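>>> sequence and computational prediction follow.
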Amino acid sequence: MSKPIIALDFKDMDAVRNFLGPFEESLFVKVGMELYLQNGPDIIKEIRNQGHEIFLDLKLHDIPNTVGQAMKGLGKLDIQMVNVHAAGGSIMMQRALEGLRDSGSTASLIAVTQLTSTSELMMQQEQNIQSSINDSILSYASLAHKSGLDGVVCSANESAMIRDALGASFLKVTPGIRTLTDDKGDQVRVATPESARENGSTHIVVGRSITNDANPVEKYRQIKKAWESNVK
Ligand SMILES: O=c1ccn([C@@H]2O[C@H](COP(=O)(O)O)[C@@H](O)[C@H]2O)c(=O)[nH]1
């Protein structure tokens, strides 16, 4: 079972070093736009040298050729998971997968369905999609599955629906994780670690609940225990 993925949404490597320093175990961490775009690929090398696994969350979304070529570059980094936006379409996702594999990478490739900061109303009004948000998420997940990807990013509230339609081994990587006392911030579709597990998420992504806590190591352990608590 996967460890909770900690979102390292920091501005530089000094902040990452300060955060990771007190942890004694090897972690699964997420490097997103904030850290990668301000610091470049060296950040990946240093985190890997510290023994941690990396989900590189850059959410590529462009024409198929551009994404395919970009993936060839990202695939040369020593990362374990990377992603695109499913809204880029099936040809884009297939080119992304080809680019990644051409580079020799065995990293999992997953696709964002609807961001966890998006509500059904926002989707309908701002994206002009007139279905339910669950239909939109399942449609994007099915497209990612048909395109050969390893899984999707969705909220834990949609994991059971995707598992039932596309199988338990198709990855459901779920941000928007909060304990009952945590501030939701800009997240809309949130779930606790326990409910993520019950609903069939294969991975949870946790950022500010841990990084903003007064005792991040203790908060990580609390979330990890809750995530693992329902394993039958
Ligand atoms: O739909 C998505 C896709 C990615 N994310 C990323 O996950 C973390 C969540 O951080 P929190 O502080 O726990 O809210 C963040 O890095 C996002 O870029 C997401 O939240 N939703």
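The structure has been received and is ready for your questions. Numbers count the residues shown, from 1 in each chain.

>>> could you check how many residues crowd around the residue nearest to Lys3 when sequence neighbours are not counted?
Once flanking residues are discounted, Lys3 sits nearest to Phe28: 4.6 Å by C-beta to C-beta, 6 or more residues apart in numbering. The C-beta positions use only the backbone N, C-alpha and C, and glycine is treated the same way. Taking other C-beta atoms under 10 Å as the criterion, the count of residues near Phe28 is 17.

>>> the ligand contacts on this protein?
7, 9, 32, 57, 112, 115-116, 153, 175-176, 185, 187, 205-209 (C-beta under 6 Å from any ligand atom).

>>> per-residue confidence at whichever residue of the chain sits closest to the ligand?
Ranking the residues of the chain by distance to the ligand (C-beta to the nearest ligand atom) places Gly207 first, at 2.6 Å. Gly207 carries a pLDDT score of 98 in this model.

>>> same thing with Lys232?
51.

>>> now swap in Met1 and tell me
With respect to pLDDT, Met1 scores 82.

>>> so that it lines up with my notes, have the first residue be 239 from now on.
Got it, first residue is 239 now, which makes that one Met239.

>>> quick revisit: OK, contacts around the residue nearest to Lys241?
Contacts here follow C-beta atoms under 8 Å, 6 or more residues apart in numbering; on that basis Phe266 touches Ser240, Lys241, Pro242, Ile243, Ile244, His290, Glu291, Ile292, Phe293, Gln318, His441.

>>> let's see that with 10 Å instead.
Under the criterion of C-beta atoms under 10 Å, 6 or more residues apart in numbering, the contact partners of Phe266 comprise 240-244, 290-293, 318-319, 441, 443.

>>> ditto for Ser393
351-356, 371, 375, 410, 412-415, 425-429, 434, 437, 439.

>>> now, these that are in helices?
In this view, these that belong to helices under DSSP state H are Ile371, Ile375, Ala434, Asn437.

>>> burial check on the closest residue to Ser374 other than its chain neighbours, number of neighbours?
The shortest distance from Ser374 to any non-neighbouring residue, by C-beta to C-beta, 6+ apart, is to Ile367 (5.3 Å). A total of 15 residues lie near Ile367 under the criterion other C-beta under 10 Å.

>>> all good on my end, thank you.
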